[in-house]
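Peer 1: Got a predicted structure plus its sequence, pasted below:
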There are 2 protein chains.
Amino acid sequence: MDPAALDAADPLRCFRERFALPEGKMYLDGNSLGCLPRETPQKLANLVDREWGENLIGSWNDAGWVSAPERVGAKIARLVGAADGEVVACDSTSVNVFKALCAALSVNQGRSTILSERGNFPTDVYMMQGLETLTGGRVRSRLVDPEEVIGAIDEDTAAILLTQVHYRTGRIRDMATTTAAAHAKGALAIWDLSHSAGAIPVDLNAARADFAVGCGYKFLNGGPGAPGYIFVAERHQADAIPALSGWFGHARPFDFEDRYEPAPGITRFLAGTPPILGLAALEVGVDLMLEADMAEVRAKSIAMGSLFTALMEPLCAAHGFALASPSDPNQRGSQVSYSHPNAYPIVQALIARGVVGDFRAPDVLRFGLTPLYTSFAEIASAVDILRAVMDEGAWDRSEFHERSAVT
Amino acid sequence: MDPAALDAADPLRCFRERFALPEGKMYLDGNSLGCLPRETPQKLANLVDREWGENLIGSWNDAGWVSAPERVGAKIARLVGAADGEVVACDSTSVNVFKALCAALSVNQGRSTILSERGNFPTDVYMMQGLETLTGGRVRSRLVDPEEVIGAIDEDTAAILLTQVHYRTGRIRDMATTTAAAHAKGALAIWDLSHSAGAIPVDLNAARADFAVGCGYKFLNGGPGAPGYIFVAERHQADAIPALSGWFGHARPFDFEDRYEPAPGITRFLAGTPPILGLAALEVGVDLMLEADMAEVRAKSIAMGSLFTALMEPLCAAHGFALASPSDPNQRGSQVSYSHPNAYPIVQALIARGVVGDFRAPDVLRFGLTPLYTSFAEIASAVDILRAVMDEGAWDRSEFHERSAVT
């Protein structure tokens, strides 16, 4: 496991130069905000200067703005095992969670419970709770411990809402068996792919997933606050009612009718005018990801995780880190997490030395592995620097204990 | 009313050079998509290259990304007579309509009807209908004719949802008297400012408005699909429940708790991760609008509308145009609309000759007047070209009858 040899043999190494990587940093946080593809600035400049500045409203037709949500969605579909016409890119992941919840309830009528796990990414759970409040309790939001989810599915469960790769630990949920268990009890399965699309192979249709949502700014490299996306299996589209029934989801938006009539396919899951700047940046990131072979991406991700955990073993023994991710690489997404009582200041000290990971409450150091632009040499250097930070006690300075707005 | 003299005397004429105006066009569609401020490309390039490309996640704190919705919202607040802390910029107008509807229902408990007018901008009405469907009819969506709205407010009306400046006709609703009429019946007032913010003086708090939403890409010049915004009067914020309860609206989003707890102020109306690219472009447009004196903006808008309607009078007589906007300039927003049986091909023929207005179903030609960058000379030229198109019968070519996806 010589890092230089691993880099030399890396079939994805040519992708690294496709990103404008930050100088002097080992960036292990692409699972929070992916790096900037080199092509993005030019694409955005063209959009702003030519399409907006010169052609203005003409670009809705001429530059394909009007179909951007479906066009980018169809590209994302290829990354997640969905068909053309099953995904649109739009709104935030949170808003798409709400749409998926409401759509699942409209398809699975007569059932009122949405089930998820404690410790799921908060926005998923919060959107469930908001829907419960909005409906005066007609929809029930229920959380159980992660290992109890399947057993908790009952005859009132309209849908389960689960994340395929857990944001904190990186644990992979088996999408196919979990979905099958839901279906066996008459429940639908909604999957949050935020930490899995672009990170591990995802096959929504092979798993018979019903709905899914995901994030554009992590492994898809779409930029800060990039639009998210929503998947609705083709078999549900005619019956799924989009609660957020905005004009862009109407069958004939430019007829300006008084009566909402949903568009026939996935388009009904659009609400307002699509965010064109964000979609343009997202499209560059998705296009770049589509150039890579996902089997190679996964193989490199596993190799990077194995290198990282092997190099970390002495630090676990000497400095009290505990692996918070599954030790089996096949059970782990494209990240490695460790718990440590001083996780917060250690992460800050690492950032000060150019190793960018992140802290996740209450006590986790999280390191994202992004096969398109992370090298094995960086992984080795990052662990070296962590060792130095711990050996020197460099993390225990007051400045590293100060909390920022965003951790 | 000599156009050249009017331009020479225009106190806002210096703003025109602040926009990258399209060459060879008379752009009278800034009420659909505002022009590109010259500062926007550089601002976006800096965001992309430096803040995203180099500093990555550090920019959430360092570059103020995390507070962008409140910061831009506070600037919009100054344009619409709201206070700091009453507006956030986020999501689409449609999604914000949904939040405002749900919030109004949560404040005005025991009432179940949302009232609007037929012919309102469709997305407002569609979001009402979606909420009715979602709640199984517990919330009632009711439409009446425009002149019947006030009389239709009854003891079950939780809120009225009205647009201050009508998208098709430009008719101004009196916000203060309409809101007072709603309050007199115990109903709340939600205002859609999409065609009024930046176009006419708006004073939400003087009118005692309860909620408002608006669009970032029209008179605010925020770019295609720019984020919208939502206003919640300070007196309602503690009781207003945001149905779209995403993690960015949580009191402590980075504590990753399982239980949703809304942030204390307007921040609870955020849902997902904010669209940073869109917010950056929007902020440039709002900053530019804030440099202008709104009284001067309104005076120029009225003068442009008066020039336009005066020049159009012979065409109305000769070619069958009928003013679809109020004839009293004080009752009209910053646009002039005409109905004509051949409105669609006439608009296309105008665009082919560089006069960009738009068609609104079923039979309206709509011309936006944007005082920051439209000149009186352009108005006069546009009417000259329309006269030529009509005199020559140039609109009646088959290519001008073909409908595009976006009209």
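Peer 2: Arrived safely.
Peer 1: Going by C-alpha atoms from here, please, whenever you check contacts or count neighbours.
Peer 2: Will do.
Peer 1: you'd agree A:Ile114 is up against A:Gly137?
Peer 2: No. Using Cα atoms under 8 Å, A:Ile114 is not in contact with A:Gly137, being 11.5 Å away.
Peer 1: quick one: which of these two has more around it?
Peer 2: A:Ile114 (29 against 13; other Cα atoms under 10 Å in any protein chain shown).
Peer 1: Report the separation between the more buried one and B:Arg387.
Peer 2: A:Ile114 sits 61 Å away from B:Arg387, taking Cα to Cα, to the nearest Å as the criterion.
Peer 1: Check what pLDDT whichever residue of the stretch 301-407 of chain A sits closest to chain B gets.
Peer 2: In the stretch 301-407 of chain A, the residue found nearest to chain B is A:Ala361; the distance is 5.8 Å by Cα to the nearest Cα. Residue-level confidence at A:Ala361 comes out at 91, pLDDT.
Peer 1: Quick check: closest non-adjacent residue to it.
Peer 2: Computed as Cα to Cα, 6 or more residues apart in numbering or on different chains, the closest residue to A:Ala361 that is not its neighbour in sequence is B:Asp255, at 5.8 Å.
Peer 1: Just give me the neighbour total for the one you found.
Peer 2: Other residues near B:Asp255 come to 13 when the count uses other Cα under 10 Å.
Peer 1: which SS class is the residue in the stretch 101-250 of chain A that chain B sits nearest to?
Peer 2: When scored by Cα to the nearest Cα, the stretch 101-250 of chain A has A:Gly225 as its residue closest to chain B, at 4.1 Å. Applying DSSP: H, G, I helix; E, B strand; the rest coil to A:Gly225 yields a three-state assignment of coil.
Peer 1: what's the spacing between stretch A:129-149 and its chain's center?
Peer 2: Averaging C-alpha positions (Cα atoms, centre = their mean, to the nearest Å) puts stretch A:129-149 22 Å from its chain's average.
Peer 1: buried set for it?
Peer 2: Neighbour counts using 16 or more other Cα atoms under 10 Å in any protein chain shown place A:129-135, A:139-143, A:149 of stretch A:129-149 among the buried residues.
Peer 1: before we move on, what about stretch A:329-337?
Peer 2: Counting neighbours by 16+ other Cα under 10 Å, stretch A:329-337 gives A:Pro329, A:Arg332, A:Gly333, A:Ser334, A:Gln335, A:Val336, A:Ser337 as buried.
Peer 1: Just the ones in strands from these, please.
Peer 2: Counting by DSSP state E, the buried residues of stretch A:329-337 place A:Gln335, A:Val336, A:Ser337 in strands.
Peer 1: Tell me how chain A divides into domains.
Peer 2: In terms of domains, chain A is parsed into A:3-30+A:293-401, A:42-291 (source: automatic domain parsing).
Peer 1: Strands of the stretch 301-407 of chain A, residue ranges please.
Peer 2: The residue ranges that make up the strands of the stretch 301-407 of chain A, judged by DSSP state E, counting those that start in this stretch, are A:322-323, A:335-339, A:355-356, A:358-360, A:364-368.
Peer 1: Helix, strand, or coil at the most centrally placed residue in chain A?
Peer 2: In chain A, the residue lying closest to the centroid (Cα atoms, centre = their mean) is A:Ser194, at 1.6 Å. Using three-state DSSP, the structure places A:Ser194 in coil.
Peer 1: Check what pLDDT it gets.
Peer 2: pLDDT, A:Ser194: 98.
Peer 1: Hmm, it is touching A:Val213, no?
Peer 2: Yes. Using Cα under 8 Å as the test, A:Ser194 is close enough to A:Val213 to be in contact (7.3 Å).
Peer 1: re earlier: could the ones in strands among the buried residues of stretch A:329-337 go into CSV alongside distance to A:Lys25?
Peer 2: As requested, these are arranged in CSV below (distance: Cα to Cα, whole Å):
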residue, distance to A:Lys25
A:Gln335, 18
A:Val336, 18
A:Ser337, 19
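Peer 1: quick one: contacts of stretch A:65-81?
Peer 2: The list of residues contacting stretch A:65-81 from outside it, by Cα atoms under 8 Å, 6 or more residues apart in numbering or on different chains, reads A:59-60, A:83-90, A:197-198, A:201-206, A:229, A:231, A:267, A:274, A:276, A:279, A:282-283, A:286-287, A:290, B:405-406.
Peer 1: Narrow the residues you listed to those in helices?
Peer 2: Counted as lying in helices by DSSP state H, out of the contacts of stretch A:65-81, are A:Ser59, A:Trp60, A:Ile276, A:Leu279, A:Leu282, A:Glu283, A:Val286, A:Asp287, A:Leu290.
Peer 1: Return the member of those nearest to chain B.
Peer 2: Within these, distances to chain B taken as Cα to the nearest Cα reach their minimum at A:Ile276, with 5.4 Å.
Peer 1: Now for that closest one: which residues touch it?
Peer 2: A:Trp65, A:Ala68, B:Pro224, B:Gly225, B:Ala226.
Peer 1: burial of the second one, as a residue count?
Peer 2: Here the neighbour count serves as a burial measure; for A:Ala68 (other Cα under 10 Å) it reads 21.
Peer 1: Give me the mean pLDDT for the helix or strand hosting it.
Peer 2: Per DSSP states H and E: A:Ala68 is located in helix A:68-79. Averaged across helix A:68-79, the pLDDT comes to 98.
Peer 1: mind checking how far that helix is from the chain centre?
Peer 2: 15 Å.
Peer 1: Report the angle between it and helix A:276-291.
Peer 2: Going by axes from the mean of the first three to the mean of the last three Cα atoms, to 10 degrees, helix A:68-79 is angled at 20 degrees with respect to helix A:276-291.
Peer 1: Using PDB, write out every CA atom in helix A:68-79.
Peer 2: This file holds the C-alpha atoms of helix A:68-79, laid out as PDB (Å, rounded to 0.1, in the frame of the first residue of the first chain):
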ATOM      1  CA  ALA A  68     -32.800  22.300 -17.900                       C
ATOM      2  CA  PRO A  69     -34.500  20.500 -14.900                       C
ATOM      3  CA  GLU A  70     -35.400  17.500 -17.100                       C
ATOM      4  CA  ARG A  71     -32.100  17.600 -19.000                       C
ATOM      5  CA  VAL A  72     -29.900  17.600 -15.900                       C
ATOM      6  CA  GLY A  73     -32.300  15.200 -14.200                       C
ATOM      7  CA  ALA A  74     -31.900  12.700 -17.000                       C
ATOM      8  CA  LYS A  75     -28.100  12.900 -16.600                       C
ATOM      9  CA  ILE A  76     -28.400  12.300 -12.800                       C
ATOM     10  CA  ALA A  77     -30.700   9.400 -13.600                       C
ATOM     11  CA  ARG A  78     -27.800   7.600 -15.300                       C
ATOM     12  CA  LEU A  79     -25.800   7.900 -12.000                       C
END
